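A.B. asks: Pasting a predicted model and its sequence here:
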There are 2 protein chains.
Amino acid sequence: MAQNEFSEPHRVVYYEVDDTGHLTLAMLINLLVLVSEDQNAALKLTPAYIHSLGVGWVVTQYHLQVNRLPKIGDQVTLKTRATAFNKYFAYREYWLLDAQGEQLVYGEGIWVTMSYATRKIATIPPAIMAPYGTEPVKRLPRLPRPEHGEMTATSRMKPYTVRYFDIDENGHVNNAHYFDWMLDTLPADWLRHHQVVDVRIRFENEVKYGHQVTSEVVHSAAMTTQHTIKLGATTAVLATVTWQERS
Amino acid sequence: MAQNEFSEPHRVVYYEVDDTGHLTLAMLINLLVLVSEDQNAALKLTPAYIHSLGVGWVVTQYHLQVNRLPKIGDQVTLKTRATAFNKYFAYREYWLLDAQGEQLVYGEGIWVTMSYATRKIATIPPAIMAPYGTEPVKRLPRLPRPEHGEMTATSRMKPYTVRYFDIDENGHVNNAHYFDWMLDTLPADWLRHHQVVDVRIRFENEVKYGHQVTSEVVHSAAMTTQHTIKLGATTAVLATVTWQERS
C-alpha cells in the first residue's frame, strides 16, 4: 500500500442500519471520517497535535458514488487515500469494499484547515501534510456541485433542533447528522423502496447546539432530490441525491 | 467462560462520544444489545430463527451502575451473561470492562418474548433458552424501579419526533434513542459537568415512526433526575438517573 493510503476492517452491526437492514448514509460518513482519522493517528497526526498548530480539519464537499450499501453482519473494508493537496485544499478519496474486495462505495472529499483564532480558512500547515509523502500540486480535481433547489408546491420541509448529542468532541455538529436530517424529510415509503446512487453535498455554513434548522427537499427529476438545510435565511448545506429503485 | 457467558472487544471511536469525549449512554445501550445479539448468533440463535418461532425479544427494564464511561480511543471489553429465566422473563447481566479488566459499567436487564401474532408477551420458547445451558428458575432477581416524576414548575420538557433512521431492522424504535431524548432535555452545561452514576429505566409502551413524543425531566433531588417520555397521555418510558460531578 502506498504511504498515503490506509485501510481497516469493519463489521456492519444492527445500530448502523435502517429498517431495510442496509448501512445508513449517516453511518457511511462516520466510517469514512473514521478511516481518515485512523490514518492520521497512524502517522502521529493526532487531533491534539493538529490543534497545537492552531487549526482543525473541516470538510467542505463530498461526492459519493454508491454501487450498493452493505447489510447488517457484512464484513467490509474502509480505505482512504490522501491523494493531493495545494495551499488551501486537500483532496481525499475513499472506498468501501465488500469481503471479496468489490467496490460498494467510492467517495471524494475536499478538506480545508480552519484557524481556531480567526474561524476562517487557513493555509494548510506543511507539517500536517509531510507525513503523507505527497507533493503539493497546482490544480486539484473539482467535485461536481449540488444544484440549487427551488421551493415549489411539492417541496417537503421538516424542522430539526440540534441536540447535545449531535455535537462531537471538537464542539462541532458531526456532519453525519445532516444526512439524517436531509433524508428523514422524504417519505418512509420512498426510503424503503429506493437506494442512493450518487450524492453531491456542500457544507456552506456551520450550525450549532440549540439551533433550529429546516430541511427542505424537492424532486427535481423522478430519481433526483435537491436538499437544502437552512438556518433562517442562511444555507447551511446543499445536496443533490440521485436514487434508483431497490432491486 | 461459562456456556451462558460471552464477551468481545470494542474500540470507542469519535462518533460514539459526546463533546466531553465520553461514550454516550445511547451508545452504551447499543453496545450492550450488540454483545447479547452476538452471543445469540454464536449459539445459532439468529434473529431469523427466533422470528420463525413467532416471537421477538423485547427489553422491559434496565438497571445500570456506572463507575465511569470510557473515552474516545479506549479499548474496552463488552461482556454479558444470560443468567436466569423463568416462563415469561429472562434476566441478563452486562459488564463493560477497561483494558486492564476493571469494571466501568455493570448492567442488568429484564427481557420478554413478544408474540408477533398477538403483540402480547408470550411464554419464552424453550428452544431459544436451551443453548445457554441454564435451567429455569422460580424467582428472578427484581430490578429497582424508576420513581414516578411529577411535573412541577421546574420541570423541563422538549418534543421529539420519531425519525425514519430511529427505526431498526425489526421495525421498532431502537431503545438507545430514548436515552438521547431523555438526556438532551437537560441543559448542556449540566451534561458537561456531571456524569451518570445509576440508571433505572422501564419501557412501558412502544412508540412508532412519525409519533411526536415529549420528554419531561424534573430534579427530585440535587443529583437525581426523573424522566418521563410520553406519547400524549400514555407513558412510554420512565427512568430515574443519579449523577455526580465530573472529576
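C.D. replies: Good, I have the coordinates. Please read all numbers here as calculations on a predicted model, not as lab measurements.
A.B. asks: Just the element for residue A:64, please.
C.D. replies: With elements taken from DSSP states H and E, the one containing residue A:64 is strand A:55-66.
A.B. asks: For that strand, buried residues please.
C.D. replies: By 16 or more other CB atoms under 10 Å in any protein chain shown, the buried positions in strand A:55-66 come out as A:55-64, A:66. For every residue, glycine as well, the C-beta is placed using N, CA and C.
A.B. asks: can you check stretch A:207-227 too?
C.D. replies: In stretch A:207-227, the ones that count as buried by 16+ other CB under 10 Å are A:207, A:209, A:213-220, A:225-227.
A.B. asks: go on, stretch A:166-177?
C.D. replies: For stretch A:166-177, by 16+ other CB under 10 Å, it's A:166-169, A:172-177.
A.B. asks: filter those down to the ones near chain B?
C.D. replies: A:167-169, A:174, A:176 (CB under 8 Å from any CB of the partner chain).
A.B. asks: In these, find the pair that's most separated.
C.D. replies: Across these, no pair lies farther apart than A:169 and A:176, at 13.8 Å, counting by CB to CB.
A.B. asks: Where does the spatially most distant residue from the centre of chain A sit: helix, strand or coil?
C.D. replies: Computed with CA atoms, centre = their mean, the residue of chain A farthest from its C-alpha average is residue A:153, at 29.3 Å. Recorded secondary structure, residue A:153: coil (DSSP: H, G, I helix; E, B strand; the rest coil).
A.B. asks: quick revisit: nearest to chain B among the buried residues of stretch A:207-227?
C.D. replies: residue A:209 (6.1 Å; CB to the nearest CB).
A.B. asks: who does the one helix or strand in chain A whose mean pLDDT sits lowest touch, helix- and strand-wise?
C.D. replies: Of all helical and strand segments in chain A, the minimum by mean pLDDT, DSSP states H and E falls on helix A:47-52, at a mean of 91. Judged by 3 or more CB pairs under 8 Å, 6 or more residues apart in numbering or on different chains; DSSP states H and E, the packing partners of helix A:47-52 are helix A:25-42, strand A:55-66.
A.B. asks: Tabulate these in JSON lines, adding columns for mean pLDDT and distance to residue A:93.
C.D. replies: Formatted as JSON lines, these follow (pLDDT from 0 to 100; distance: least, CB to CB, whole Å):
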{"stretch": "helix A:25-42", "mean pLDDT": "97", "distance to residue A:93": "10"}
{"stretch": "strand A:55-66", "mean pLDDT": "96", "distance to residue A:93": "10"}
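A.B. asks: Quick one: closest of these to residue B:183.
C.D. replies: helix A:25-42 (19.8 Å).
A.B. asks: Can you point out the buried residues in that closest one?
C.D. replies: A:25-40.
A.B. asks: List the beta-bridge partners for residue A:91.
C.D. replies: residue A:84, residue A:110 (DSSP bridges).
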